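Student: Below are the sequence and a predicted model for it; my questions follow.
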Amino acid sequence: MNRMQETAVVEKEYATSGALDIRRSLHVKYSTNQEDFHRWVLRQYAFAPDMRILELGCGTAEAWKDADFVQNVLPEKAQLILSDFSPGMLETAQKNVQKKNNVSFRQIDIQQIPYEDGVFDAVIANMMLYHVPDLPKALSEVRRVLKPGGIFYCATFGENGLMGWLCDALGLDRGKEQQNSFSLQNGKASLTQYFSRVEMRVREDGLAVTSTEDLVDYVLSTAAFSDVKNRQRQEIYRLLDRFKVDGVIHIPKEYGMFVCRV
């Protein structure tokens, strides 16, 4: 099991929204694609009135903060349950999302979803499946709670984006640090065992980072680079800053979403 799947490590990293906010900030400030990532994610959904929707691993529910945009995505008569296994994340999510009668919150572990079979029209699990210790169990649970004809949305990153670039820049072994259980490269193979149709949608993007300090903060906030945290901040800064050309560090991003149908 890689570090990104270790329960204790994940619980510590996501106990509060602090580390996640640092990582999100890098993308907000330096992404070359001007469309907000969360807006892109929301545009992939196809919800209808009376749908019952479950999001697993909602984190701070940042995607659902923009009430005006959400109104175009989530029909009034649809029921949305936002869930996370971290009480701290769920508390932040409740503060971020405008109170609505059709939105509720619940603490849930994706490996043991506390609902009966076939009760949801759609299930969402974005940027979190690579943290799950037992991925087959999680996907089996998602499939179980979906109705016939239901849809599973799951965004993730690829192996040729920011994380891979950082491994190379910091002199780390990609094979050791990037043993991802769920990526754009290997995710479809796992999903096709549970879903009849799996479509991959890729988002075009990159990073143009002008502050090396922000990039150092990102590295130090990530459990995947815990071994690097033993190094002096100055050393990490030096290793990253050498890639700056005309004041900018250009870094590839590889993000996308699988849309899976029962």
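Tutor: The structure has been received and is ready for your questions. Just so it is clear, the structure is predicted and the values come from calculations on it, not from any experiment.
Student: helices or strands next to the helix ranked longest in the chain in the packing?
Tutor: If you go by DSSP state H, the chain has its longest helix at helix 18-30. Packed against helix 18-30, as judged by 3 or more C-beta pairs under 8 Å, 6 or more residues apart in numbering; DSSP states H and E, are the following elements: strand 206-209, helix 212-220. Every C-beta, even on glycine, is put in place using the N, C-alpha and C of the backbone.
Student: Rounded mean pLDDT for that helix, please.
Tutor: For helix 18-30, the mean per-residue pLDDT is 89.
Student: picking up where we left off before, which one, of the helices and strands packed on helix 18-30, ends up nearest to residue 255?
Tutor: With C-beta to C-beta as the measure, strand 206-209 is the member of the helices and strands packed on helix 18-30 nearest residue 255 (10.6 Å).
Student: pLDDT on the closest one, on average?
Tutor: Averaged across strand 206-209, pLDDT comes to 98.
Student: circling back: any idea how far the longest helix of the chain is from the chain center?
Tutor: Mean-position distance between helix 18-30 and its chain equals 13 Å (C-alpha atoms, centre = their mean, to the nearest Å).
Student: For that helix, which outside residues touch it?
Tutor: Contacting residues not belonging to helix 18-30 are listed as 13-14, 36-37, 59-60, 62, 89, 207-210, 214-215, 217-218, 221-222, 253 [C-beta atoms under 8 Å, 6 or more residues apart in numbering].
Student: Stretch 34-41 now?
Tutor: By C-beta under 8 Å, 6+ apart, the residues outside stretch 34-41 that reach it are 27-28, 31, 33, 62-63, 66, 69, 126, 155, 203, 205, 255, 257.
Student: Counting neighbours, what do you get for residue 188?
Tutor: 15 (other C-beta atoms under 10 Å).
Student: Can you name the helix or strand that it falls in?
Tutor: helix 187-191 (DSSP states H and E).
Student: Toward the C-terminus, what is the element adjacent to that helix?
Tutor: Counting by DSSP H and E, the element after helix 187-191 in chain order, helix or strand, is strand 197-203.
Student: on that earlier part again, give me the buried positions along the longest helix of the chain.
Tutor: The neighbour-count check on helix 18-30 (16 or more other C-beta atoms under 10 Å) flags 19, 20, 22, 24, 26, 27, 30 as buried.
Student: And the pLDDT at the closest residue to residue 186 other than its chain neighbours?
Tutor: Nearest non-adjacent residue to residue 186, counting by C-beta to C-beta, 6 or more residues apart in numbering: residue 180, 7.0 Å away. Here the pLDDT value assigned to residue 180 is 70.
Student: ok, now residue 163?
Tutor: On pLDDT, residue 163 comes in at 89.
Student: Return a PyMOL selection command for the buried portion of the contacts of helix 18-30.
Tutor: Applying 16+ other C-beta under 10 Å to the contacts of helix 18-30 leaves a buried subset, and the PyMOL line that selects it is:
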select buried, resi 13+14+36+37+59+60+62+89+207+209+215+217+218+221+222+253
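Student: packing partners for the host helix or strand of residue 83?
Tutor: Using DSSP H and E, residue 83 sits within strand 79-84. Counting contacts by 3+ C-beta pairs under 8 Å, 6+ apart, strand 79-84 packs against strand 52-55, helix 87-96, strand 103-107.
Student: Now with 10 Å, please.
Tutor: Judged by 3 or more C-beta pairs under 10 Å, 6 or more residues apart in numbering; DSSP states H and E, strand 79-84 is in contact with strand 52-55, helix 87-96, strand 103-107, strand 120-124.
Student: just the angle between the helix or strand containing residue 144 and strand 120-124, please?
Tutor: Assigned by DSSP H and E, residue 144 falls within helix 135-145. Interaxial angle, helix 135-145 versus strand 120-124 (axes from the mean of the first three to the mean of the last three C-alpha atoms, to 10 degrees): 150 degrees.
Student: ok, residue 249 - contacts?
Tutor: Counting by C-beta atoms under 10 Å, 6 or more residues apart in numbering, residue 249 touches 30, 165, 169, 207-212, 214-215, 240-243.
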